[in-house]
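Colleague: missing the sequence, but the structure's below:
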């Protein structure tokens with residue numbers, strides 16, 4: 001007999017299977033001796049009371065051990081060398097997971113990425129930090145694995161498709177992610193572990209007969225009789241294909257300009273803009289765990305905040321416990337910040353995007369210009385670049401100083417390595433954004449007492465929360481309505497918001513192509 005039960009355990013027992021088994025027996029009334037095996041299905045922290053504890057959902061088997069999970073099995077190599085060719089533009093999670101799914105269907109994925117391999121990207125990221133120099137084709141956003149590879153590896157999603165979530169998590173585990181991501185309420189891999197996982201996925205794709213090509217920035221799309229015919233890359237290589245997946249991510253602005261120029265319909269979409277907020281992790285721990293002395297068995301604390309201000313949401317985004325603030329610009333004249341954490345989340349700071357919802361009616365010219373939201377985003381990033389002094393130094397301000405309109409005379413030590421420049425963030429952000437942030441930050445102190453402090457720093461700007469452009473597609477077959485064989489996909493096309501949802505979308509698009517080809 002298999003039975004599911006929810007139990008509570010103290011942090012020091014969260015991985016103690018013997019203790020968990022005893023608690024499960026007590027909860028169900030099943031004699032301990034009759035429980036042959038247990039399996040933890042879900043694990044989350046409940047920190048609402050004074051003493052935080054873990055909530056576990058456990059499966060009990062009184063007859064035998066659970067069968068070996070599929071996640072532990074080696075994925076068989078399936079030759080697709082002679083399969084139907086499908087061109088994938090972009091090697092982020094949407095593109096990679098589309099490729100894996102195409103292989104399952106017997107089709108041959110050919111991935112074109114404008115950037116470099118995960119290994120070669122490291123050198124360009126080091127140059128960003130040490131010299132303040134951006135490689136516009138290889139950075140935190142561009143290159144194998146996409147923006148998520150060096151931006152933390154959070155696997156949270158709002159998707160309700162449990163089977164797809166299970167499948168994606170299983171694939172990550174198969175290629176090297178820790179087993180815990182299958183049970184944790186907020187699964188996380190870590191920037192230090194993701195490159196090896198991405199490399200393993202790429203090697204499998206190639207082993208099956210797929211192809212992965214770097215330094216292949218798409219500069220043109222050719223059509224014939226209303227269908228895609230080929231794409232052209234910057235080295236003037238022509239890649240012929242009847243099926244093309246566009247999975248370029250939210251920062252490939254040149255693709256949006258190219259689509260608009262070619263008369264391939266795009267649309268502006270809502271997104272969000274704000275700043276990165278950084279506190280000491282010890283403060284966040286003490287607030288969230290209600291204790292001045294951290295429990296060594298609890299992970300660095302997380303938070304999630306939202307406040308409605310003047311009919312717009314102000315909310316935390318991509319919160320990074322024990323993380324750093326990273327320079328994520330993709331051009332020479334812009335400042336963009338994001339955050340990431342290593343797998344151990346053991347850095348002294350906690351940072352989070354704190355952003356304001358931008359609706360289409362907030363942007364001038366939105367009715368006549370499909371690039372209006374993108375241009376609004378670009379203008380703010382350019383203003384931040386000038387405010388920082390025309391380098392990768394980011395404009396920054398202490399939290400209370402920002403709210404009260406005071407220029408910070410000094411700035412606290414922080415994790416943003418290129419450096420920060422004290423300035424008025426109200427001069428960087430539009431008034432509609434800065435005024436709402438000023439109202440929300442003190443209000444958050446009512447939910448997290450101690451959050452509103454001048455020891456916290458705001459670093460601007462957090463502007464790449466999602467794509468400001470949507471590339472339309474049919475809800476039935478996922479093709480662009482104006483171009484047969486052209487499949488917008490993932491976060492850049494406006495259909496995902498993070499690694500998990502992008503990976504799921506990639507799989508769904510691959511399935512749509514398989515239905516069209518294989519019936």
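Modeller: Yes, it's here. Since the model is a prediction, treat every value here as computed from it, not as a measurement. Numbers count the residues shown, from 1 in each chain.
Colleague: domain map for the chain?
Modeller: For the chain, the domain assignment from automatic domain parsing gives the residue ranges 2-67, 85-267+474-518, 270-462.
Colleague: which one of those domains lies closest to residue 76?
Modeller: domain 85-267+474-518 (9.4 Å; CB to CB). No exception for glycine: its C-beta is placed from N, CA and C like everyone else's.
Colleague: the domains of the chain into a markdown table, with extra columns for mean neighbour count?
Modeller: As requested, these are exported to a markdown table (neighbours: other CB atoms under 10 Å):
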| stretch | mean neighbour count |
| --- | --- |
| domain 2-67 | 15 |
| domain 85-267+474-518 | 20 |
| domain 270-462 | 19 |
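Colleague: look up phi and psi at residue 51.
Modeller: phi -110, psi 110 (degrees, to the nearest 10).
Colleague: next: the one 4 residues further on.
Modeller: Geometry field for residue 55 lists phi and psi as phi -100, psi 130, criterion degrees, to the nearest 10.
Colleague: again with residue 202
Modeller: Torsion angles, degrees, to the nearest 10, at residue 202: phi -60, psi -40.
Colleague: again, but for the one 10 residues further on
Modeller: Backbone dihedrals for residue 212, given as degrees, to the nearest 10, come out at phi -130, psi 120.
Colleague: return the residues in contact with it.
Modeller: Residues in contact with residue 212, defined by CB atoms under 8 Å, 6 or more residues apart in numbering, are 91, 111, 113, 144, 202, 205-206.
Colleague: farthest-apart pair in the residues you listed, please.
Modeller: Taking CB to CB as the measure, those span a maximum distance of 13.4 Å, between 113 and 206.
Colleague: circling back: closest one of the contacts of residue 212 to residue 16?
Modeller: Within the set of the contacts of residue 212, residue 202 lies nearest residue 16; the separation is 37.7 Å, counting by CB to CB.
Colleague: which ones are touching that closest one?
Modeller: Contact analysis of residue 202 by CB under 8 Å, 6+ apart lists 91, 96, 117, 144, 212.
Colleague: now swap in residue 434 and tell me
Modeller: Taking CB under 8 Å, 6+ apart as the contact definition, residue 434 lies against 425-426.
Colleague: surely residue 282 touches residue 294?
Modeller: Yes: under the contact definition of CB atoms under 8 Å, residue 282 touches residue 294, with a separation of 7.1 Å.
Colleague: if I look at residue 382, how far off is residue 257?
Modeller: 16 Å (CB to CB, to the nearest Å).
Colleague: likewise residue 488?
Modeller: Taking CB to CB as the measure, residue 488 and residue 257 are separated by 15 Å.
Colleague: quick one: the helices in the stretch 251-400 of the chain?
Modeller: 253-261, 281-289, 372-387, 399-404 (DSSP state H, counting those that start in this stretch).
Colleague: what about the closest residue to residue 122 other than its chain neighbours, which helix or strand?
Modeller: Using CB to CB, 6 or more residues apart in numbering and skipping residues adjacent in sequence, the residue nearest residue 122 is residue 195, 7.7 Å away. Following DSSP states H and E, one finds residue 195 within helix 194-207.
Colleague: so residue 385 touches residue 333, yeah?
Modeller: Yes: counting by CB under 8 Å, residue 385 sits close enough to residue 333 to count as a contact (5.3 Å).
Colleague: quick check: residue 235 is in a helix.
Modeller: No: counting by DSSP: H, G, I helix; E, B strand; the rest coil, residue 235 is located in no helix; its state is coil.
Colleague: surely it touches residue 214?
Modeller: No: taking contact to mean CB under 8 Å, the distance of 11.3 Å between residue 235 and residue 214 leaves them out of contact.
Colleague: ok, residue 285 to residue 344 distance?
Modeller: For residue 285, the distance to residue 344 equals 15 Å [CB to CB].
Colleague: err, residue 494, not the other one
Modeller: Summarising the geometry, the distance separating residue 494 from residue 344, computed by CB to CB, is 34 Å.
Colleague: likewise for residue 273?
Modeller: Plainly put, residue 273 is 31 Å away from residue 344 if you go by CB to CB.
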